[in-house]
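Colleague: could you look at this predicted model? Sequence included:
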Amino acid sequence: DFPRRTENPVVLWERAGALTKIIEEHKPAAEKIRDLQWMEDRFWTWIHYGAQRLGRGELYETLDFLSFLRAHVLAPLLAAKKNLPPRGMRKVERYSQREDLDVLRTTVPDGYDPRECERALRASAKMYVGLRETLAQEELERNRRAEMSAMSYLHEVSEKLK
């Protein structure tokens, strides 16, 4: 896998110049954000998944899922706003505006609580839509039907939490 990398390392030790040869033959490729259409095509299915786990009372899974959304969707989109390579949650505090960090904070539940997880799922969806609209090119096909369906399902789950 060494030929596919995003930066050149400092070689401290090698046998027969093997790493140096690969570095010379293969240039690093800048890490790119996944295509926004790729995200849009999956995001609402992911929200449905999170709502389903919440509805089943699988709070640890829901908490883990919310972390997945932050690392694989929200933080990379925040990086894209600054034309930076996506690095999950790494350095998000350094490159994001205070307002964006305040919104990102709303995607973190305040404790092990079903209502907090539901609130964080809604906040994640809202943040995604805001970032999607900020970054979208004209050709982006928004999946409004899936969006409405996923959010409707989250509402149904929310009503049962009461």
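Modeller: Noted; the coordinates are in hand. Here the structure is a predicted model, which means the values were calculated and not measured.
Colleague: average pLDDT across the top helix by length along the chain?
Modeller: Criterion DSSP state H: the longest helix present in the chain is helix 114-135. For helix 114-135, the mean per-residue pLDDT is 97.
Colleague: give me the contacts around whichever helix or strand comes after that helix.
Modeller: In the C-terminal direction, the helix or strand that comes right after helix 114-135 (DSSP states H and E) is helix 144-161. When contacts are taken as C-beta atoms under 8 Å, 6 or more residues apart in numbering, the neighbours of helix 144-161 outside the stretch itself are 44-45, 47-48, 50-52, 54-55, 114-115, 118, 121-122, 125, 129. No exception for glycine: its C-beta is placed from N, CA and C like everyone else's.
Colleague: now with 6 Å?
Modeller: Outside helix 144-161, the residues within contact range by C-beta atoms under 6 Å, 6 or more residues apart in numbering are 44, 47-48, 51, 54-55, 114, 118, 121.
Colleague: so that helix versus helix 114-135, what angle?
Modeller: Angular relation of helix 144-161 and helix 114-135 on a 0 to 180 degree scale: 160 degrees, by axes from the mean of the first three to the mean of the last three C-alpha atoms, to 10 degrees.
Colleague: out of the contacts of helix 144-161, which comes closest to residue 133?
Modeller: Distance from residue 133 was checked for each of those by C-beta to C-beta. The minimum falls on residue 44, at 15.0 Å.
Colleague: tell me how far the closest one lies from residue 29.
Modeller: Using C-beta to C-beta, to the nearest Å, one gets 30 Å for the distance from residue 44 to residue 29.
Colleague: all set now, cheers.
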